[in-house]
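Undergrad: Whatever this is, show me its structure:
(chains A and B)
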Protein chains: 2
Amino acid sequence: MKICKRLNIKYPIIQAGMAGGPTTPELVAAVSNAGALGTLGAGYMSPEDIRKVLSEIMTLTEKPFAVNLFLPQVYEKNEQQILSMQKQLNKYRQKLGLPEVSTVPDIQNHFEQQLNVMIEAGVKVLSFTFNEPSADLVEKLHDHGITVIATATTVKEAKNLELRGVDMIVAQGSEAGGHRGTFLNGEEEALIGTMALVPQIVDAVECPVIAAGGIMDGRGMMAALSLGASAVQLGTAFLTIKESGASEIHKSAILASKDTDTKVTSAFSGKSARGMKNEMMLSLENTKNLPPYPIQHMLTSDIRKEAARQGNKEFVSMWAGQASAMSKESTAKELINQLVSDCKNTLSSLSTDWK
Amino acid sequence: MKICKRLNIKYPIIQAGMAGGPTTPELVAAVSNAGALGTLGAGYMSPEDIRKVLSEIMTLTEKPFAVNLFLPQVYEKNEQQILSMQKQLNKYRQKLGLPEVSTVPDIQNHFEQQLNVMIEAGVKVLSFTFNEPSADLVEKLHDHGITVIATATTVKEAKNLELRGVDMIVAQGSEAGGHRGTFLNGEEEALIGTMALVPQIVDAVECPVIAAGGIMDGRGMMAALSLGASAVQLGTAFLTIKESGASEIHKSAILASKDTDTKVTSAFSGKSARGMKNEMMLSLENTKNLPPYPIQHMLTSDIRKEAARQGNKEFVSMWAGQASAMSKESTAKELINQLVSDCKNTLSSLSTDWK
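TA: Numbers count the residues shown, from 1 in each chain, chains lettered A, B, ... in the order given. Okay, here's the model as predicted:
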């Protein structure tokens, strides 16, 4: 597997860079130590926090790991829209005993500083989502010896990423939990199932393709490799892992979930993402005038944090993919060993000796 | 492969029973003669037509083939709603030079007669969609030596089908073209990608599972078998085949399609189905008060037929799955041979000899 050589890992398995807490230094390091590629989901982190966490990871592992960042997007800041949403959100704040908020938040973008911290720290793999990096940015990262991975949800997006010079492309199928990486197509038309998306992207680009969406075990891993993927990226499967920093309500909701429990929504962040259905998602979804990402993400932040603290699963985002019901509790090492042995068993059980 | 033995076929490949024209006697027979299982999509056919076509198929092949039928559903007939839809549809009729219609159609259900024709003709495999057969119906079919296949889009539906005693279950992923088989869950929550759906259904039932949705070539076939499916069912891949009776505009639209061209809609038939986006789909979708299946199907029927005849692709339903861009023109035999050889090549190229 060329991709393993390029990433300097043993198994073609990547733990997705889930932002917002799950990717603790312990998780990232345990995944990398087990022979796969751990990823720090640093999208929401301040440059100072990233610096601190990177040094923690580096004390826990000498193996390579990746960092995932959100590429900046253009968005419109409409004060009227924000104030009207704050008013609506105050209903939830009241239920949770939080103070009302009637202000327009200050939104800062730390992308350049986040990037510099990573370059200084000597991170070897950088993965992007939400947009395409410029060719100049990719070249700059290459000059620092950094392998660049970016996320596509359609063939058009994948072709654009390749034109920018990225080294590998994550093909994110509609089954995937968390935020959609869609940046060129409409959010609805870009909900393409992994089975259909992966071979179409593999045929459209020259670089290695990493399959994501609905992969939870060795059967899914072997299926993705059959479709022409060079590696797999799993998010949901790592959420319930002992080293994961996902909240207890998030972990227990996923472990108790069934196949029809998730939905793609913009309610929590202003950007499409797949998560477990709950009261806040279903009621906010009907809002006509939802502020865009990252505004809505900031506006709902205090509510989601407090609800998680109180163990209230109706007012928190619980990202999960469509195969979340297959989640298990184990250590990162146990999950990776299981993936590899299931994958080998699946391969040896396959046969084309029909009739 | 036990499923091949049970169905008396050489390869674990089923051509989906696409209703409305594509499954000509020539296509069904050519598929079965090539070692896979052809299926007549008889859902919309009169008992007399089924009788005639079955005898044509039987003169073209001695191999087993299947017939697909729609199980009856309960629906409400609202005259006001129908007349209002007729008025809306008259816009399209005018554009196509068709006479206006302002009447409420008579809706007849031929299910029992369709069934009897098939039993009399000695059909060996019956596949159902749109609902679950009763245990009594399954027992009756078994008494006639008929293997019963039914369609599920969620784990709950699959478990229910198994309780009714069906022999095999088609797990229809969200990528699939044509009508959704959903009957117990909400239509939106039942849009589960093949990669996520197949292993969850395989784990939930004892009977063999047939994977459908996004499978177009040997890579997809090997992926589905990796996920634990015992066979694959392909619809879209057979639409552009020489023996297919799909209209020329349908065939050429699929051959020219890209990954983001399809959408799940109820506009044409009153029931969720995936097809190529066009003017009629996108404008009818915004109708608040859409008559249910089969009423809407009947109301739009004259328009869809005339548009196909005129080669107007804006006013016709063109069912297609999310991997339609991978369609090719060939004969049924060539497609099946290609599937089998690609599948073998895919298997031999897979390796778990990492690093």
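
Undergrad: how about the strands of the stretch 1-150 of chain A, start to end?
TA: Secondary structure of the stretch 1-150 of chain A, counting by DSSP state E, counting those that start in this stretch: strands at A:13-15, A:39-41, A:66-70, A:125-129, A:147-152.

Undergrad: wait, which of those is closest to residue B:299?
TA: Each of those was checked against residue B:299 via C-beta to C-beta, and the shortest separation belongs to strand A:147-152, namely 39.8 Å. No exception for glycine: its C-beta is placed from N, CA and C like everyone else's.

Undergrad: elements contacting that closest one?
TA: Packed against strand A:147-152 by the contact rule (3 or more C-beta pairs under 8 Å, 6 or more residues apart in numbering or on different chains; DSSP states H and E) you find strand A:125-129, helix A:135-143, helix A:155-163, strand A:168-172.

Undergrad: Most tightly packed of those?
TA: Relative to the other members of the helices and strands packed on strand A:147-152, strand A:168-172 carries the highest mean neighbour count by mean count of other C-beta atoms under 10 Å in any protein chain shown, namely a mean of 28.

Undergrad: Tell me which strands that strand pairs with, and in which orientation.
TA: According to DSSP bridges, strand A:168-172 has the following sheet partners: strand A:147-152 (parallel), strand A:209-212 (parallel).

Undergrad: what inclination does the longest one have with respect to helix A:155-163?
TA: For strand A:147-152 against helix A:155-163, the angle between stretch directions is 160 degrees (axes from the mean of the first three to the mean of the last three C-alpha atoms, to 10 degrees).

Undergrad: Now strand A:147-152: buried residues?
TA: Judged by neighbour count (16 or more other C-beta atoms under 10 Å in any protein chain shown), strand A:147-152 contains these buried residues: A:147, A:148, A:149, A:150, A:151, A:152.

Undergrad: now those as JSON lines including distance to residue A:107 and pLDDT?
TA: As requested, the buried residues of strand A:147-152 are exported to JSON lines (distance: C-beta to C-beta, whole Å; pLDDT from 0 to 100):
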{"residue": "A:147", "distance to residue A:107": "30", "pLDDT": "98"}
{"residue": "A:148", "distance to residue A:107": "26", "pLDDT": "98"}
{"residue": "A:149", "distance to residue A:107": "26", "pLDDT": "98"}
{"residue": "A:150", "distance to residue A:107": "24", "pLDDT": "98"}
{"residue": "A:151", "distance to residue A:107": "23", "pLDDT": "98"}
{"residue": "A:152", "distance to residue A:107": "26", "pLDDT": "98"}
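
Undergrad: Can you tell me which of the residues you listed comes closest to chain B?
TA: Distances from the buried residues of strand A:147-152 to chain B were compared by C-beta to the nearest C-beta; the smallest belongs to residue A:152, at 10.6 Å.

Undergrad: in terms of contact, does that closest one touch residue A:200 like I think?
TA: No - at 10.5 Å, residue A:152 does not count as touching residue A:200 under the criterion of C-beta atoms under 8 Å.

Undergrad: could I get the buried residues of strand A:147-152 as CSV with distance to residue B:240?
TA: Formatted as CSV, the entries for these read as follows, by distance: C-beta to C-beta, whole Å:
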residue, distance to residue B:240
A:147, 39
A:148, 38
A:149, 35
A:150, 33
A:151, 31
A:152, 26
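
Undergrad: For the residue in the stretch 201-350 of chain A positioned nearest to chain B, give me its contacts.
TA: For the stretch 201-350 of chain A and chain B, the shortest gap (C-beta to the nearest C-beta) falls at residue A:214, measuring 3.4 Å. Residue A:214 makes contacts with A:173, A:175, A:176, A:193, A:194, A:220, A:321, A:322, A:323, B:193, B:195, B:196, as judged by C-beta atoms under 8 Å, 6 or more residues apart in numbering or on different chains.

Undergrad: which residue packs closest to the third one, ignoring adjacent ones?
TA: With C-beta to C-beta, 6 or more residues apart in numbering or on different chains as the criterion, residue A:176 has its nearest non-adjacent residue at 3.8 Å, and that residue is residue A:213.

Undergrad: Just the pLDDT at the one you found, thanks.
TA: Here, the pLDDT recorded for residue A:213 equals 98.

Undergrad: Kindly provide the distance from it to residue B:195.
TA: For residue A:213, the distance to residue B:195 under the criterion C-beta to C-beta, to the nearest Å works out to 6 Å.

Undergrad: In the stretch 1-150 of chain A, where is pLDDT below threshold?
TA: Scanning the stretch 1-150 of chain A for pLDDT under 70 picks out the ranges A:1.

Undergrad: Report the mean per-residue pLDDT for stretch A:256-265.
TA: 98.

Undergrad: still on that earlier bit, possible to save the strands paired with strand A:168-172 as CSV with distance to residue A:41?
TA: Shown next, in CSV, are the strands paired with strand A:168-172 (distance: least, C-beta to C-beta, whole Å):
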stretch, distance to residue A:41
strand A:147-152, 13
strand A:209-212, 14
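
Undergrad: re the thing from before, the residue nearest to residue A:176: what's it in contact with?
TA: By C-beta under 8 Å, 6+ apart, the contact set of residue A:213 is A:171-176, A:193-194, A:197, A:321-322, B:193, B:195-196.

Undergrad: go again using 10 Å as the cut-off
TA: Listed by C-beta atoms under 10 Å, 6 or more residues apart in numbering or on different chains, the contact set of residue A:213 reads A:153, A:170-177, A:192-195, A:197-198, A:220, A:224, A:232-236, A:274, A:321-323, B:193, B:195-196.

Undergrad: which of these count as buried?
TA: A:153, A:170-177, A:192-195, A:197-198, A:220, A:224, A:232-236, A:274, A:321-323, B:193, B:195-196.

Undergrad: Now do the SS call for the closest residue to residue A:139 other than its chain neighbours.
TA: In space, and not counting its chain neighbours, residue A:139 is closest to residue A:165: 6.7 Å by C-beta to C-beta, 6+ apart. Reducing the assignment to helix, strand or coil with DSSP: H, G, I helix; E, B strand; the rest coil, the entry for residue A:165 is coil.
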